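**Q** Any chance you could fold what I've pasted below:
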Amino acid sequence: MKNLVLRLVMIAAAWGLAGAGLAQEAGTGTVAGVVEVQKARVKTRGAKSFKDVVVYLEPTAPAVYPPPAGHAVMDQRGLVFIPHVMAVQQGTTVDFLNSDNDRHNVYFLYDETGQTLDIGTWGPGEKVSHTFKEPGPVIVLCQLHLEMAAHILVLETPFFSVAEIDAETQRATYEIRDVPAGNYVLKAWHKKLKMKGGDVQVTVAAGETATVDFAITKTKYAEKQ
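**A** Numbering: from 1, shown residues only. I've put the predicted structure just below:
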C-alpha cells in the first residue's frame, strides 16, 4: 500500500511538471505573414542578392533577454560570405570560418555610426569569433577581397525571422514562434527597401497566431499608404 501511494505521488508530480511545461508553452504565440515588394523588383540571385528581409518584434514594455549560449556561424567560402544576411540577438557570438584555400580578413563597418573594427586575418581552415555587444546594422567586409560583403543585423530582441523573397512572386513568408503574450512593434530591415507605412503594432495572444502582412518599397514610397 505504501509503495502504491508513493507511485501515485510520483505520477502526480510528473503530471504537475508536464502541466507547468504546457502552461509555459500556452503562454506564447506566433506572428506570421507575407512581405510583398511593391513598386520595385529585387534581385534574388547571386552572392549579393536582395532576397533577404529581417522581420522582428520589439516589446512595447521594457524587457531584457539573455543572449543565446550557442554561437552563430558565418562562413567564407568561394570568396563569398555565407549567409549574406544574418540576424542575431545582442550579445551573440559569431564564429567567422575560412573554408577557402586563401587567407581571409573580417572587417566591420558599423552602418549607423561609421565606426570600423578589424578583427583580424587568418588562414584556411581557421576561425575567429566575435561577440556583438551593441545593437544595429553591421556591414561585414574582407580587406583582402574587396568584392566580398555581408550584413549582420544585431537586435535587442530574440524574436526575429530572416525571410527570403521569391524571384517570381516578389513575396516572402515569415514566421516568428514562441513569442510571449503581450504587445509588440513589428519592424523589418532590408538592405535596399523600407516598410511601407512604417512599423506595425501587434498583440500576441497565448496559443494563437497573429497575421501581419506588410509591404516593402523604395524610400520615396515608404511613407505613402
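**Q** tell me the contacts of residue 133?
**A** 90-91 (CB atoms under 8 Å, 6 or more residues apart in numbering). Yep, even glycine has a C-beta here, placed from its N, CA and C like the rest.
**Q** Under a three-state scheme, what state does it occupy?
**A** What DSSP: H, G, I helix; E, B strand; the rest coil gives for residue 133 is coil.
**Q** Give me the distance between it and residue 99.
**A** To residue 99, residue 133 is 26 Å away according to CB to CB, to the nearest Å.
**Q** Let me know the pLDDT of residue 112.
**A** Note on residue 112: pLDDT of 86.
**Q** Burial check on it, number of neighbours?
**A** Neighbourhood size, residue 112 [other CB atoms under 10 Å]: 10.
**Q** Hmm, residue 135 and it touching each other?
**A** No: applying CB atoms under 8 Å as the test, residue 112 and residue 135 come out as separate, 9.4 Å apart.
**Q** which residues in the protein form helices?
**A** Per DSSP state H, the chain carries helices over the ranges 2-26, 219-222.
**Q** mean confidence for the shortest one?
**A** Along helix 219-222, the predicted local confidence has a mean pLDDT of 93.
**Q** now swap in stretch 142-154 and tell me
**A** 97.
**Q** Return the alpha-carbon coordinates of that stretch using PDB.
**A** Output in PDB follows, covering the C-alpha atoms of stretch 142-154 (Å, rounded to 0.1, in the frame of the first residue of the first chain):
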ATOM      1  CA  CYS A 142      37.200  41.400 -46.300                       C
ATOM      2  CA  GLN A 143      40.100  43.800 -46.800                       C
ATOM      3  CA  LEU A 144      41.900  41.100 -48.800                       C
ATOM      4  CA  HIS A 145      39.000  40.600 -51.200                       C
ATOM      5  CA  LEU A 146      37.100  43.800 -51.800                       C
ATOM      6  CA  GLU A 147      34.300  42.200 -53.700                       C
ATOM      7  CA  MET A 148      33.200  40.300 -50.500                       C
ATOM      8  CA  ALA A 149      30.400  41.800 -48.400                       C
ATOM      9  CA  ALA A 150      27.700  40.700 -45.900                       C
ATOM     10  CA  HIS A 151      25.300  42.200 -43.400                       C
ATOM     11  CA  ILE A 152      24.600  41.400 -39.800                       C
ATOM     12  CA  LEU A 153      21.700  43.000 -38.000                       C
ATOM     13  CA  VAL A 154      22.200  42.900 -34.200                       C
END
